[in-house]
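Got a sequence here, can you model it:
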Amino acid sequence: MVVVAENSATDFIDVLGKAGAFPIAQTRWGDVPAAIAETQPVALAIAGPEAKPSPRDVDAAIECIETRGGPIMPVIARVDRSSTPAIPGALPIAINQPNERLIAQLRWALGIRTLHATVLRRSRAGGTTKKVPTHVPPDLLEDAAVLCVARGGSYLALTAAISKRAGLIGALSVETAARYLNARDVEGVIIGDGLGPRVAETLLTMLAENTRFRDLPIGVLNNATADDERLPNLMRVEADAARLVERILPFVRLQAFAGQLTRALKSLESEQAIDQDTGLLAAQAFWRNLERAVQESEKSGAALAVARFTLDGVVDRRAYVDAARLFSRLVRNIDFAYREQDGSILAAFTKTDLRSAHLLARRIANVLRQTMLSPGRDRRAIKPTITLAALKPTDDLSTLVARLGAHPRVAAE
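Numbers count the residues shown, from 1 in each chain. This is a model prediction of the structure:
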């Protein structure tokens with residue numbers, strides 16, 4: 001590791017060393033590029049907020065971080081109550097928080113680095129046509145979702161700050177928050193005021209007891225006693241909603257990157273049959289599978305239904321991507337789907353007659369309507385329209401999908 005400090009950072013280096021970091025090199029701001037080039041560190045740690053580096057030194061450090069190649073190099077920066085990291089996107093870690101949590105946060109970030117290294121290695125070996133980024137893309141927040149649980153003025157302040165930078169899911173109770181958490185993927189949780197005594201503690205316990213949520217970035221506003229040592233990315237800020245959102249978003253962005261890498265890895269393992277942006281099938285894989293399903297149904301007499309889901313009133317890319325990722329969680333193991341270029345989703349329900357497919361499609365559409373990210377704050381703008389068709393004895397692939405207003409794509413496309 002490389003530790004950045006203008007003065008001695010012995011205590012901080014000692015904390016990192018006791019946690020297993022070795023070797024550790026300390027450098028001044030002006031020498032950061034040279035230190036990175038010489039040591040090729042797995043992470044960069046800014047020891048404290050005291051130093052005020054020049055814009056020239058900061059720009060040189062950023063350029064070195066973004067162009068060095070290989071897996072990401074996480075940057076952590078210890079901050080006090082009013083400071084912000086000199087390097088945009090660095091993980092701000094409160095200087096007064098326990099050392100155990102600092103180490104847990106660093107290990108979480110390094111785990112994502114390891115995942116990135118795996119994806120890069122398999123991407124090179126598999127010859128994928130989609131390039132894997134060598135650093136965390138700055139626009140990842142556009143597709144990230146943050147769940148905000150609060151009431152009153154706290155809710156308004158937090159949601160206003162979140163919605164400017166990332167996707168917002170609002171909840172006014174623990175029960176509603178739990179429903180969203182179970183129905184979809186989120187990249188962060190913020191807990192505000194107005195929920196009643198011990199509600200924050202209840203929600204934190206629920207998050208800590210589920211391994212799926214344990215590593216999520218979690219922010220708590222105005223509740224100094226709310227804590228759970230099982231949650232590495234828990235942070236607390238007093239009185240300032242905007243500051244809390246500002247502190248948590250770099251963690252949210254890195255969590256979104258982890259999700260992107262996980263989908264990319266699944267795509268590579270499936271030989272690119274899975275679209276890494278959505279988790280649904282890629283177009284060619286979908287049409288191959290559907291043609292195979294039609295042929296098998298013709299031979300066996302098994303039922304087959306197809307559906308097209310169109311999101312009326314949605315023109316926002318974030319909403320389309322969110323709908324597709326939600327859809328990938330909702331389809332059964334025997335079904336498959338893909339997203340068309342216009343954002344609509346084609347799905348095949350195997351071994352399913354028209355009546356059963358109608359019930360299944362309505363259930364999926366209902367979950368989409370209630371759960372997906374809307375373009376604004378009015379969820380009524382999202383109205384999934386369903387077109388259904390069942391395979392008839394006289395059908396082939398072309399006539400089946402033609403009733404949906406779709407056209408089969410050949411594998412050569």
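
what's near enough to touch the residue lying closest to Asp193 once chain neighbours are set aside?
Closest residue in space to Asp193, ignoring its immediate chain neighbours: Ser154 at 3.7 Å, by C-beta to C-beta, 6 or more residues apart in numbering. Heads up, the C-betas are built off the backbone N, CA and C, glycines and all. Residues in contact with Ser154 (C-beta atoms under 8 Å, 6 or more residues apart in numbering) are 192-194, 221-222, 241.

tell me which residues in the host helix or strand of Ser154 are buried?
For Ser154, the host element (DSSP states H and E) is helix 152-163. For helix 152-163, a neighbour-count test (16 or more other C-beta atoms under 10 Å) marks 154-155, 157-159, 161-163 as buried.

now do the same end-to-end measure for stretch 87-100.
With C-alpha to C-alpha, to the nearest Å as the measure, stretch 87-100 spans 23 Å from end to end.

Closest to the centroid, which residue in this structure?
By C-alpha atoms, centre = their mean, the chain has its centre lying nearest to Ala256, at 2.8 Å.

lowest confidence element among the helices and strands of the protein?
Ranked by mean pLDDT, DSSP states H and E, the weakest helix or strand in the chain is helix 317-330, scoring a mean of 87.

what does that one contact?
For helix 317-330, the external contacting residues (C-beta under 8 Å, 6+ apart) are 142-143, 145, 167, 183-185, 277-280, 309, 311, 314, 337, 339, 343, 345, 347, 364, 367-368, 371-375, 382, 384.

Just the ones in strands from the residues you listed, please.
Among those, the residues falling in strands (DSSP state E) are 145, 167, 309, 311, 337, 339, 345, 347, 384.

residues touching the second one, list them.
By C-beta under 8 Å, 6+ apart, the contact list for Gly167 reads 142-146, 318, 322, 373.

Select from the residues you listed the one having the most neighbours.
Neighbour tally across the contacts of Gly167 (other C-beta atoms under 10 Å): the maximum, 29 neighbours, falls on Val146.

Report the beta-bridge partner residues of that one.
Note on Val146: beta-bridge partners Leu168, Gly188, judged by DSSP bridges.

I'd say it and Ser163 touch.
No: the criterion here is C-beta atoms under 8 Å, and Val146 misses it with Ser163 at 9.0 Å.

can you give me the offset of stretch 91-105 from its chain's centre?
22 Å (C-alpha atoms, centre = their mean, to the nearest Å).

Residues contacting it, please?
By C-beta under 8 Å, 6+ apart, stretch 91-105 touches 15-16, 19, 48-49, 74-80, 84-85, 109, 229, 232-235, 247, 250-251, 254.

Out of these, which end up buried?
Using 16+ other C-beta under 10 Å, the buried ones in those are 15-16, 48-49, 74-79, 85, 109, 232-235, 247, 250-251, 254.

Just the buried positions in the strand or helix carrying the residue nearest to the centre of the chain, please.
Secondary structure from DSSP H and E places Ala256 in helix 241-269. Residues of helix 241-269 classed as buried: 241, 243-265, 267-268 (neighbour count, 16+ other C-beta under 10 Å).

swap in stretch 341-355?
Neighbour counts over stretch 341-355 (16+ other C-beta under 10 Å) mark 343-352 as buried.

what's the answer for stretch 6-26, then?
6, 9, 12-13, 15-16, 21, 24, 26.

Low-confidence regions, the stretch 51-200 of the chain specifically.
Along the stretch 51-200 of the chain, the parts satisfying pLDDT under 70 run over 126-130, 197.
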